[in-house]
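**Q** Here's my sequence, what's the structure:
(chains A and B)
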There are 2 protein chains.
Amino acid sequence: MPPKVDLVIVFRSSSGKIEPKPLARQNARHASEQYSKLLQALQRGGLQAVGKRGERDGQLLVMVSCPHALIKRLAQRERHSDFLNGLPSRHSIGGEDIDANPLSPADQIRLVHTYITSTEGDGGLGIAPASPQWDRVESIMALHDHLFNDTWIRSWTTSQLGLVTPEKIREQFGEAVALYFAFLASYTKFLIFISAAGIIFHFFVEPYSTVYSSALLIWSVAFVEWWRIKQRILSVRWGTNGSFRVEKRRAQYQPITWWRRELRILSSLPVILFFAAILACLLTGIFVFEAFVTQLYKGPGAKFMSFAPTVLFLLLVPKVLAIYHTYAVRFTDWENHSHQSSHDASLTIKTFSLSAIVAYGGLALSAFVYVPFGEEVMTWVQVYLFHTQTPFHAKAKTWASTVMSTLSTSPTASAVADAGKAAFNATSGHHWEMDNANARSKLNPTRLQDQMYAITVINQVVNTFLEIGLPYVMRAVDSVRAGKGLTLANNSAGAKKKRVQFEDEATGVAEVANNIAGVEEKEFLERVRREAALPEYTLFADYSEMVTQFGYVALWSTIWPLAPVMSLINNWLELRSDAFKIAVHTRRPIPARTDTIGPWLDTLTFLTWLAALTNSALVYLFRPTDQCRAVGTTLQHGHHHLSDARSSTRQLLTSAAVVALAASHGYLVLRMLVRHVLERLMWKGSKEEQAAERLDAQIKQQYLRSI
Amino acid sequence: MPPKVDLVIVFRSSSGKIEPKPLARQNARHASEQYSKLLQALQRGGLQAVGKRGERDGQLLVMVSCPHALIKRLAQRERHSDFLNGLPSRHSIGGEDIDANPLSPADQIRLVHTYITSTEGDGGLGIAPASPQWDRVESIMALHDHLFNDTWIRSWTTSQLGLVTPEKIREQFGEAVALYFAFLASYTKFLIFISAAGIIFHFFVEPYSTVYSSALLIWSVAFVEWWRIKQRILSVRWGTNGSFRVEKRRAQYQPITWWRRELRILSSLPVILFFAAILACLLTGIFVFEAFVTQLYKGPGAKFMSFAPTVLFLLLVPKVLAIYHTYAVRFTDWENHSHQSSHDASLTIKTFSLSAIVAYGGLALSAFVYVPFGEEVMTWVQVYLFHTQTPFHAKAKTWASTVMSTLSTSPTASAVADAGKAAFNATSGHHWEMDNANARSKLNPTRLQDQMYAITVINQVVNTFLEIGLPYVMRAVDSVRAGKGLTLANNSAGAKKKRVQFEDEATGVAEVANNIAGVEEKEFLERVRREAALPEYTLFADYSEMVTQFGYVALWSTIWPLAPVMSLINNWLELRSDAFKIAVHTRRPIPARTDTIGPWLDTLTFLTWLAALTNSALVYLFRPTDQCRAVGTTLQHGHHHLSDARSSTRQLLTSAAVVALAASHGYLVLRMLVRHVLERLMWKGSKEEQAAERLDAQIKQQYLRSI
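**A** Sure, this is the predicted structure:
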């Protein structure tokens, strides 16, 4: 039987860089001091700690286990604090039933983790990874329960959602992860409704249907408001409702007046806007470059050159996002949040707002800028470029005209080309006459649909591969590199030196390690090392993917009503692949208590509001205006009537503004109604509402009797 | 010393109608039975009750007083229930300090009143006035404390707000009335800020200033949000926070599913809209009639005829409102609210929504329909009336032209006239040339200002007279009529008969009455009879007046920035006249516990939203477009540029819609910001917030110790 280990502290004895000898020695002494201080602190705190060598050089793994008496005391303390702070209770308050109903694995790990990391003021040991005092403590990790993981993975393949309930996930990985799976499962179930509607409208009803987009809006509002209540019900059931009230302070927190912090939060707004502007320019630039390269370049490797824009996108956009991310992290640290949850929320909103621009920017540009206003823009560009008769003129004109015709072959850009051509026709009619009919035939609504197809189908397949397949590849590469790495002259010298240093230190202090022996022990140690090499699990990526997908469905599926069906299929896989990822590709998540999906709920709410705007604008711009011509749109309709392009554009802009603003008001009213009705249906008189009040009444009754 | 009487039950022994003898006798028997049942119920409930003859025929006054032991028990019961329902406590929970800190007069009256009226299920006697079981119980009233009232009135005249604090008012009249005075005082203090701004902008800045209207909007949002928190602070201080949780059920309530009640509430919407439409037509009709009568009618009594529209308004509008009110009452009863507070809220919103149309309709019509679209409307009317050349044509044309020129003399209508004339000029230019210059000079912004002056100054003076002076007149008329009434043949027979019947019954059952004698007793009885003749006090009229006034300031004071100054002066008087009204002109209000001004807060919030719309529209339409011409407006500006009237109107409508909708969004953002900042400034960390939490923590600590 492997030893019972609650947590593993990953300790770094060397900095990992090559340093001059005196500095290295000083570092080693410092590491040794902090290591022994760590072991002492753990032992003084009543925990059992054993140090082992890690897989990487200079890495120490401290196995921590918590005696039963201590864990009982910790559980009692938490239950008292929960009770005093008004959290609903699932157990007896005094904690006297811990022996009868043992703690779940998640609770056990969480209690020990909180005990180790929370500040001394909060009654913990204050060992926060990467804090100034514990700069050598890299991270604290929990070990997987492989028996559970195997059952979990197998249950996904053999059956439906049934076998492993959220309750089981909660017992294993804690409330935060369980809430994610509950969210994912609920969202997937909700997708069934809109998928059914999508199939009907895609095959039997004309595109850009007012009915479908209204149904879509109601569906999205209903889902978000439904989940708002559902998570409350779950949190009452799990005893975490109001968990922010018992959240421990961050070790990095410095007291600060409220308005100072809020001004700091506000001050990050210009930075977000600045990066958003850069991203928008970049996206537009790549779009134009794509047109240029696919049409103009006929030299060697032309076929490969057509991939250049995609490569450019893959190289530049993540780079910009990465640079932005470092700023976002720095700003969020500077904001100095008192609790981890609000810190995470702030960072999440910062990060997601830019990735949403990347996600939805292309579609928004195609639908709302190039199609309706491309004509204006192109006229302006033409006047700007060609108003003088220079030798450059002819060349530029050729280039511009080629770009224009290219745009019409790019699926997303045909509308632009058409608009541009119309403008060219007006001013230099002779140049474009032969293309006119051709271009008109290309303006058809399936272009935007192709873009949607690319996003919802291809993107999701790629994403699934990145989540499941790529880690295998990466680890294979890593192990190859590690195996060969020792022969590389540059690295090996430092590494060897470090290992020697480490072993000196290790034998000096970790005498306890000698007590353990045997094959089983070695296997266990091997397992720990393997898990320590895995990345930490974060919920951000998973939530981000699902919320982005919800955005595609809610904002754009009017373009292509099959999008929800594709999302449904993807999520059926996603439920399994996310479970697989946690079990195989990451460390076991440290359980955390939470009563909400937090910033993601705000994001979802914001997306439903945005959906009201995009849906109304899409329907207004693209709906067929008469029964005969299926591809006729309001845009064309408008152009037929009005001769003056400038006044027509202005009018279109004003009307679009009225439509969008009115839709926004409609959204607010709809949300209020849906929220009210759902609140009455789901919450009022529910088991959970009564449970939330029962304990309170009981205590007060007893208090009254006592006086 | 007069006897200690807590409450007086007004009992009606006869129906007040003349009835055939058998029915009258049956009625008398029924009354006699119910009267003895009443006395028995009171005595069984532990109360002391004495019946006396009332001032009117067939009226009995039952003096109820509550023994000290009973009141102590009632207080204890209430404190327990408050505690169990989580209301903040001002006293010891057990109520053992009642002897040391005696109950305030308001609490004493309220406890006895609640005890008598609440249902037996709620532990009361179930004697609800006008309920099927107690149809002879007219009302239950409390007696004034004249010593307090005199001090109160005198303190207003000799000093500022200082002497009588809200706390004193609360002790005398209960929380509901105290909250009204606190609201009125707060609002008046807030008016000082915007009055100062108003004076500056009226005298030194050009009219329809963007800066003033923005300041106005921020001020109104700030006031409403400030009060939202202030009332919470007051309710914690007064121990009424969450008082709806301990509110007793209405005796008339029949259990009903929630959606059925809410559908009933929704179903009253068409009725409201129907009456609103009728009112709007009526107002427009009177407006046109005014123009007709002042100009055309030259017969005998022409001078008096010019008052006809005003008389018509005074006759018809209140009539419509009265009819509507009976429907509103019926609908609200049908809605079957479980609590009096939600019943009152529903009725208040119904009533106020129509009176707001009367209050603001005239200004809105002038500013937003006649001025910008009068031209369109008049063109349409002209085409409709004069498109055929009949003999009638000439006559009609003369009439129409006279009406048009009349409108220009009516202060509110000059703009219409001008617009109409412009249209006439376009189509039948020869007819109107001589008037053109004249009409143009009449379109000047002071017209709307005159209307505002009439409303804020004259209306308020009239209102104050109606509140303070009229009751004296009415009572004088009543007493004269009562003195003469006995000699009128028709009434006296029935009255005498009834009195005889009554005295028979009275001597039969109210033997207790004989115990009391002496001059002082008679004086006291005289006082009770006098107070029983007064109307009951309701907060509706007072809140309605203040909220309507807030609406004038927030919605329209951009037209005339002196309006807040006038309101400030009026309110300085209002604080005194309302106190005077309570003390002299009405029965003592039955104290009620409340933690909010309820529907009025919603109304205020709605008005601030509306203010965002009207202010942005007013500034957009009327602001001077260039520095030279002070009276030039966007309207004229628009007309200069665009020749096609129809397209210009359409464009104006769309732009106005964009401006208003954008303003509405701006309002939502502004409110969120103001609410957040005020919440942090006023509530977080305040004494009251801590007090709300202290008791809870204390109890839970004790509970933990006990287990």
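
**Q** Just want the residue of the stretch 601-707 of chain A that's nearest chain B.
**A** Residue nearest to chain B within the stretch 601-707 of chain A: A:Leu661 (3.6 Å; C-beta to the nearest C-beta). From N, CA and C alone the C-beta is placed, and that goes for glycine too.

**Q** In terms of secondary structure, what does the helix or strand hosting that residue contact?
**A** According to DSSP states H and E, A:Leu661 maps onto helix A:645-678. Counting contacts by 3 or more C-beta pairs under 8 Å, 6 or more residues apart in numbering or on different chains; DSSP states H and E, helix A:645-678 is packed against helix A:210-237, helix A:371-386, helix A:599-622, helix A:634-641, helix B:645-678.

**Q** Pipe these into TSV and attach distance to A:Arg330 and mean neighbour count per row.
**A** Output for the helices and strands packed on helix A:645-678, formatted as TSV (distance: least, C-beta to C-beta, whole Å; neighbours: other C-beta atoms under 10 Å in any protein chain shown):
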stretch	distance to A:Arg330	mean neighbour count
helix A:210-237	31	20
helix A:371-386	37	18
helix A:599-622	19	21
helix A:634-641	44	15
helix B:645-678	25	16
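
**Q** Looking at those, which is nearest to A:Ser577?
**A** In terms of C-beta to C-beta, the element of these nearest to A:Ser577 is helix A:599-622, at 19.2 Å.

**Q** could you dump the closest one to CSV, C-alpha only?
**A** Only the C-alpha atoms of helix A:599-622 are listed here, as CSV (Å, rounded to 0.1, in the frame of the first residue of the first chain):
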residue,chain,number,x,y,z
PRO,A,599,-16.7,36.5,-14.0
TRP,A,600,-18.0,34.0,-16.5
LEU,A,601,-21.5,34.6,-15.6
ASP,A,602,-20.9,38.3,-16.1
THR,A,603,-19.4,37.5,-19.5
LEU,A,604,-22.3,35.4,-20.5
THR,A,605,-24.7,38.1,-19.5
PHE,A,606,-22.7,40.6,-21.5
LEU,A,607,-22.7,38.2,-24.5
THR,A,608,-26.5,37.9,-24.3
TRP,A,609,-26.8,41.7,-24.4
LEU,A,610,-24.4,41.8,-27.4
ALA,A,611,-26.5,39.0,-29.0
ALA,A,612,-29.5,41.3,-28.9
LEU,A,613,-27.5,43.9,-30.8
THR,A,614,-25.9,41.6,-33.4
ASN,A,615,-29.1,39.6,-34.1
SER,A,616,-31.2,42.6,-34.6
ALA,A,617,-28.6,44.2,-36.8
LEU,A,618,-28.0,41.0,-38.8
VAL,A,619,-31.7,40.6,-39.4
TYR,A,620,-32.1,44.2,-40.3
LEU,A,621,-29.2,44.2,-42.8
PHE,A,622,-29.5,40.8,-44.4
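
**Q** how many degrees apart are it and helix A:210-237 in direction?
**A** 170 degrees (axes from the mean of the first three to the mean of the last three C-alpha atoms, to 10 degrees).

**Q** pLDDT of helix A:599-622, averaged?
**A** For helix A:599-622, mean pLDDT is 92.

**Q** Give me the distance from it to the chain's centre.
**A** 19 Å (C-alpha atoms, centre = their mean, to the nearest Å).

**Q** repeat for stretch A:465-474
**A** The answer for stretch A:465-474 is 18 Å, by C-alpha atoms, centre = their mean.

**Q** Also stretch A:233-248?
**A** Distance, centroid of stretch A:233-248 to centroid of chain: 23 Å (C-alpha atoms, centre = their mean).

**Q** In the stretch 201-350 of chain A, which residue sits closest to chain B?
**A** Here the stretch 201-350 of chain A gets closest to chain B at one residue, A:Trp258, 5.5 Å apart by C-beta to the nearest C-beta.

**Q** is it true that that residue touches B:Lys684?
**A** Yes: using C-beta atoms under 8 Å, A:Trp258 is in contact with B:Lys684, at 7.3 Å.

**Q** between the two, who's got more neighbours?
**A** Higher neighbour count among A:Trp258 and B:Lys684: A:Trp258, with 12 against 9, using other C-beta atoms under 10 Å in any protein chain shown.

**Q** any idea how far the closest residue to A:Leu604 other than its chain neighbours lies from B:Lys230?
**A** Leaving aside its chain neighbours, A:Leu604 sits nearest to A:Val224 (4.8 Å; criterion: C-beta to C-beta, 6 or more residues apart in numbering or on different chains). The gap separating A:Val224 from B:Lys230 is 33 Å, by C-beta to C-beta, to the nearest Å.

**Q** quick one: contacts for A:Leu111?
**A** A:Cys66, A:Ile71, A:Leu74, A:Ala75, A:Glu78, A:Leu103 (C-beta atoms under 8 Å, 6 or more residues apart in numbering or on different chains).

**Q** Same check on A:Ala356?
**A** Per C-beta under 8 Å, 6+ apart, neighbours of A:Ala356: A:Thr548, A:Gly551.

**Q** The strand or helix carrying it: how far from the chain's middle?
**A** Applying DSSP H and E as the criterion places A:Ala356 in helix A:340-364. With C-alpha atoms, centre = their mean as the basis, helix A:340-364 stands 8 Å off its chain's centre.

**Q** Repeat that for stretch A:177-190.
**A** 15 Å.

**Q** Give me the buried positions along that stretch.
**A** A:Val177, A:Ala178, A:Leu179, A:Tyr180, A:Phe181, A:Ala182, A:Phe183, A:Leu184, A:Ser186, A:Tyr187, A:Thr188, A:Phe190 (16 or more other C-beta atoms under 10 Å in any protein chain shown).

**Q** Please save the CA atoms from that stretch in CSV.
**A** C-alpha atoms of stretch A:177-190 as CSV (Å, rounded to 0.1, in the frame of the first residue of the first chain):
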residue,chain,number,x,y,z
VAL,A,177,-14.4,21.8,-10.8
ALA,A,178,-17.8,20.2,-10.1
LEU,A,179,-19.4,23.5,-10.8
TYR,A,180,-17.6,23.6,-14.2
PHE,A,181,-18.9,20.1,-15.1
ALA,A,182,-22.4,21.0,-14.0
PHE,A,183,-22.2,24.1,-16.1
LEU,A,184,-21.0,22.2,-19.1
ALA,A,185,-23.6,19.5,-18.8
SER,A,186,-26.4,22.1,-18.3
TYR,A,187,-25.2,24.1,-21.2
THR,A,188,-25.0,21.1,-23.4
LYS,A,189,-28.6,20.1,-22.5
PHE,A,190,-29.8,23.6,-23.2
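
**Q** List of residues touching that stretch?
**A** Here stretch A:177-190 has contacts from A:161, A:166-167, A:169-170, A:219, A:223, A:226-227, A:230-231, A:234, A:238, A:537, A:539, A:542-543, A:546, A:550, A:568, A:571-572, A:574-575, A:578-579, A:582, A:589, A:591, A:594, A:596-597, using C-beta under 8 Å, 6+ apart.

**Q** gap between A:Cys260 and A:His337?
**A** For residue A:260 the amino acid is Arg, not Cys. Here the criterion is C-beta to C-beta. By it, A:Arg260 lies 13 Å from A:His337.

**Q** the more surrounded of these two?
**A** When neighbours are counted by other C-beta under 10 Å, A:His337 comes out ahead of the other of A:Arg260 and A:His337, with 22 against 10.

**Q** Count the neighbours of the nearest residue to the more buried one once chain neighbours are set aside for me.
**A** Distances taken as C-beta to C-beta, 6+ apart place A:His343 nearest to A:His337, at 3.9 Å, with adjacent residues excluded. For A:His343, the neighbour count with other C-beta under 10 Å is 18.

**Q** Return the residues in contact with A:His343.
**A** Applying C-beta under 8 Å, 6+ apart to A:His343 gives the contacts A:Arg250, A:Thr332, A:Glu335, A:His337.
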